[in-house]
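# build the 3D model from these lines:
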Amino acid sequence: MLAQRKKLFRKRRNISDVAFVTALVGIILMIIHTELITGHIYTNASAAAIVVKVFITLSTVDLLGMLIWYHLVDTKVSVSVGVSVSKQYPQSDLLIWL
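Residues are numbered from 1 along each chain as shown. Now for the predicted structure:
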């Protein structure tokens, strides 16, 4: 049980690291694209601009996938610790009275 939990923590950390790098790549590509457009080095319709936009889109889609994957692993970590997701949030007074 402890080994599985450590493995899940490691997996969650790795997903977080890769998501961070993917986000940085997307931000850097967007800055490069904006600078090249405003510097009139190429236009929005050029092949280079389209390639950069495709890579920006791919990094965004990859980041969304990693976000979903991170939350799936995080839920598994919560369950393996023995704390269900519903116990993490305290109940309101209204629910206690019912």
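# any idea which element the residue nearest in space to the middle of the chain lies in?
What sits nearest the mean C-alpha location of the chain, by C-alpha atoms, centre = their mean, is Leu67, with 3.4 Å. Per DSSP states H and E, Leu67 falls inside helix 47-81.
# for the nearest residue to the residue nearest to the centre of the chain once chain neighbours are set aside, what are its contacts?
In space, and not counting its chain neighbours, Leu67 is closest to Ala19: 6.9 Å by C-beta to C-beta, 6 or more residues apart in numbering. Just so you know, the C-beta spots here come from the backbone N, C-alpha and C atoms, and that holds for glycine as well. Neighbour list for Ala19: 63, 66-67, 70 [criterion: C-beta atoms under 8 Å, 6 or more residues apart in numbering].
# residue ranges with poor pLDDT in this protein?
Across the chain, the ranges flagged by pLDDT under 70 are 82-98.
# how near is the residue nearest to the centre of the chain to Arg12?
12 Å (C-beta to C-beta, to the nearest Å).
# neighbours of Gln31, how many?
To be clear, residue 31 is Ile; Gln isn't right here. By other C-beta atoms under 10 Å, 10 other residues sit near Ile31.
# quick one: buried residues of stretch 33-48?
Neighbour-count burial for stretch 33-48, counted by 16 or more other C-beta atoms under 10 Å, picks out 33, 36.
# straight-line length of that stretch, end to end?
9 Å (C-alpha to C-alpha, to the nearest Å).
# contacts for it next, please.
Against stretch 33-48 from outside (C-beta under 8 Å, 6+ apart): 49, 52-53, 56.
# out of the contacts of Ala19, which end up buried?
The neighbour count (16+ other C-beta under 10 Å) marks 63, 66, 70 as buried among the contacts of Ala19.
# mind putting the contacts of stretch 33-48 into a markdown table with distance to Gly39?
Conversion of the contacts of stretch 33-48 to a markdown table gives the following (distance: C-beta to C-beta, whole Å):
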| residue | distance to Gly39 |
| --- | --- |
| Ala49 | 12 |
| Val52 | 14 |
| Lys53 | 17 |
| Ile56 | 18 |
